[in-house]
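Q: Quick one, what's the 3D model for this:
(chains A, B, C and D)
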2 protein chains.
Amino acid sequence: MPRHTPARERLLKAARELFYAEGYGVSIDAVTERAKVAKPTVYAHFKSKDDLIGTMLTLACDDWFTELDAELERRDGDPPAQLLAPFDLLVADLPDPAYHGCILVNSAAAFLSPQHPANHALATHHARMLALFERLATEAGAAQPAGLARQLLLLYDGVKTRGLVDHTGAAAHDARTAATALLADATKRSS
Amino acid sequence: MPRHTPARERLLKAARELFYAEGYGVSIDAVTERAKVAKPTVYAHFKSKDDLIGTMLTLACDDWFTELDAELERRDGDPPAQLLAPFDLLVADLPDPAYHGCILVNSAAAFLSPQHPANHALATHHARMLALFERLATEAGAAQPAGLARQLLLLYDGVKTRGLVDHTGAAAHDARTAATALLADATKRSS
DNA sequence: CTGAACTAACTGACTAGTAAGCTTTTGGAG
DNA sequence: CTCCAAAAGCTTACTAGTCAGTTAGTTCAG
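A: Purely as a prediction, here's the structure:
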């Protein structure tokens, strides 16, 4: 099973675009057509459709953290601003009319079986976001960084759900406001 | 198209149970088998599978508000406690191992086309929850009830997403804690 | 007798995944 | 620079199953 080839990259890109835009009912044939790849090539690179989806989701998660890390770098030395970085990225994403929620959340909602790779991908994403929020909350001086992190994760997920039906981008602003208030509350009680 | 018959009720109940437990890939044949209803009867009552799903989602939303209204009644005269009622209901629901998120959110994530009834159902649910939160926030003395309502809605949606992968029920407690903090913050600035 | 539901079979389209054989690309050895 | 073999990908066709939705004729109760 080849690991890094142009066809594989094109498949993952097409899968991500199609599944994100039209949902997980999209057929493998549609993906191969978009990727300009022959169908047997799919099964030379991936064990199954679910395997392709799982791999694609892992990459999508990695891409998000690459983007987020770059933003954190820009706010180096300012932990409170860093805590808001994920919400600022969402503020930028949501107004796009092509925004259809989070590809990771949508996949977990579409594949309810706990064994499906989509559930593992979302659980991993949550764990990584929680760890990041907790580290930044500690650096920002929160009294209970773990608790604040879990609250921020709720806002983070909530934005993506409301982004499914509310295309004004207002949800991301609301989350930013709420995150600011929760952080202020957590640091106030800390001093 | 008959409107209220036993077969119709059984179909809606079976559809709700199956689509919630196994996702929207479940076939009409599986639904008819569970409902003990013949397949042509489905199309005597509903225009299509999507129509059945849309009708079922509307009923699910109504059922939630029936349950919620009863809880609000029990807390009559205590607006701050009433604001927390939705979160308390979620606290009770999430630890169930059969909890697989919110049937409305899951449907909207599975059917991304804006024309699909699932999107309309979720938008309606959000509008109703927002209106309720705003009324209770006003009665609880929040400075900006509309803003607080939108923040609480984010927590409400966030819980359901985290409930997809985290089966401990902790998410609902976190949301309750965050909602309490946001409410305190909003009423403090009001006085 | 009317309407609701039933049985059973069917259409037509779509689906994931596989098989067999041919063509292109690529990278190292002479 | 050239040649060659292996890897990667292609085309075409196929299996075997599933699915939404329909048709026609039957049963049964009020």
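
Q: and the helix or strand containing residue A:108, what does it pack onto?
A: Here residue A:108, judged by DSSP states H and E, is contained in helix A:103-110. Counting contacts by 3 or more CB pairs under 8 Å, 6 or more residues apart in numbering or on different chains; DSSP states H and E, the secondary-structure elements packed against helix A:103-110 are helix A:6-22, helix A:49-74, helix A:117-139, helix A:145-165, helix B:103-110, helix B:145-165. The C-beta positions use only the backbone N, C-alpha and C, and glycine is treated the same way.

Q: Out of these, flag the one nearest DNA strand C.
A: Ranking these by distance to DNA strand C, with CB to the nearest atom of the strand as the measure, places helix A:49-74 first at 3.4 Å.

Q: Give me the buried positions along the closest one.
A: A:49-50, A:52-61, A:64, A:68, A:71-72 (16 or more other CB atoms under 10 Å in any protein chain shown).

Q: Could you do stretch A:37-47 as well?
A: In stretch A:37-47, counting by 16+ other CB under 10 Å, buried: A:37, A:41-42, A:45-46.

Q: and the buried residues of helix A:49-74, which two are the farthest apart?
A: A:49 and A:72 (34.7 Å; CB to CB).

Q: is stretch A:168-178 up against chain B anywhere?
A: Yes. Looking at stretch A:168-178 against chain B by CB under 8 Å from any CB of the partner chain, the contacts come from A:170-171, A:174-175, A:177-178.

Q: buried residues in that stretch?
A: A:169-178.

Q: likewise stretch A:73-88?
A: A:75, A:79-87.

Q: Closest one of those residues to DNA strand C?
A: Closest to DNA strand C out of the buried residues of stretch A:73-88 is residue A:86 (32.6 Å), distances taken as CB to the nearest atom of the strand.

Q: For the host helix or strand of that closest one, name the packing helices and strands.
A: Taking DSSP H and E as the criterion, residue A:86 maps to helix A:79-93. Helix A:79-93 sits against helix A:49-74, helix A:117-139, helix A:145-165, helix A:170-188, with contacts defined as 3+ CB pairs under 8 Å, 6+ apart.

Q: can you tell which of the helices and strands packed on helix A:103-110 is closest to DNA strand D?
A: Closest among those, using CB to the nearest atom of the strand: helix A:6-22, at 3.0 Å.

Q: residues in contact with the closest one?
A: A:2, A:26, A:30-32, A:34-37, A:41-42, A:45-46, A:52-53, A:55-56, A:59-60, A:98, A:100, A:103, A:106-107, B:112-113 (CB atoms under 8 Å, 6 or more residues apart in numbering or on different chains).

Q: How about stretch A:76-90?
A: Counting by CB under 8 Å, 6+ apart, A:67-68, A:71-72, A:75, A:129, A:133, A:136-137, A:139-141, A:152, A:155-156, A:159-160, A:163, A:172, A:175-176, A:179-180, A:183 sit against stretch A:76-90.

Q: thinking again about what came up before, TSV for the helices and strands packed on helix A:103-110, including distance to DNA strand D?
A: Formatted as TSV, the helices and strands packed on helix A:103-110 follow (distance: least, CB to the nearest atom of the strand, whole Å):
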stretch	distance to DNA strand D
helix A:6-22	3
helix A:49-74	14
helix A:117-139	19
helix A:145-165	22
helix B:103-110	12
helix B:145-165	22
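
Q: Mean pLDDT for these - can I get that in TSV?
A: As requested, the helices and strands packed on helix A:103-110 are exported to TSV (pLDDT from 0 to 100):
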stretch	mean pLDDT
helix A:6-22	93
helix A:49-74	97
helix A:117-139	98
helix A:145-165	97
helix B:103-110	97
helix B:145-165	97
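
Q: could the ones you listed go into a markdown table alongside distance to residue B:12?
A: Formatted as a markdown table, those follow (distance: least, CB to CB, whole Å):
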| stretch | distance to residue B:12 |
| --- | --- |
| helix A:6-22 | 27 |
| helix A:49-74 | 30 |
| helix A:117-139 | 27 |
| helix A:145-165 | 23 |
| helix B:103-110 | 12 |
| helix B:145-165 | 22 |
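
Q: got the contact list for residue A:36?
A: Contacts of residue A:36 by CB under 8 Å, 6+ apart are residue A:10.

Q: follow-up on the earlier one: what comes up buried for the helix holding residue A:108?
A: For helix A:103-110, by 16+ other CB under 10 Å, it's A:103-110.

Q: Run the chain-centre distance for it.
A: 10 Å (CA atoms, centre = their mean, to the nearest Å).

Q: Can you list the neighbours in contact with that helix?
A: Contacts of helix A:103-110 (CB under 8 Å, 6+ apart): A:16, A:19-20, A:23-24, A:53, A:57, A:60-61, A:100, A:118-119, A:121-122, A:125, A:157, A:160-161, B:23-25, B:101, B:105-106, B:109-110, B:112, B:161, B:164-165.

Q: Now the buried members of those residues.
A: Buried members of the contacts of helix A:103-110, counted by 16+ other CB under 10 Å: A:16, A:19-20, A:23-24, A:53, A:57, A:60-61, A:100, A:118-119, A:121-122, A:125, A:157, A:160-161, B:23-24, B:101, B:105-106, B:109-110, B:112, B:161, B:164-165.
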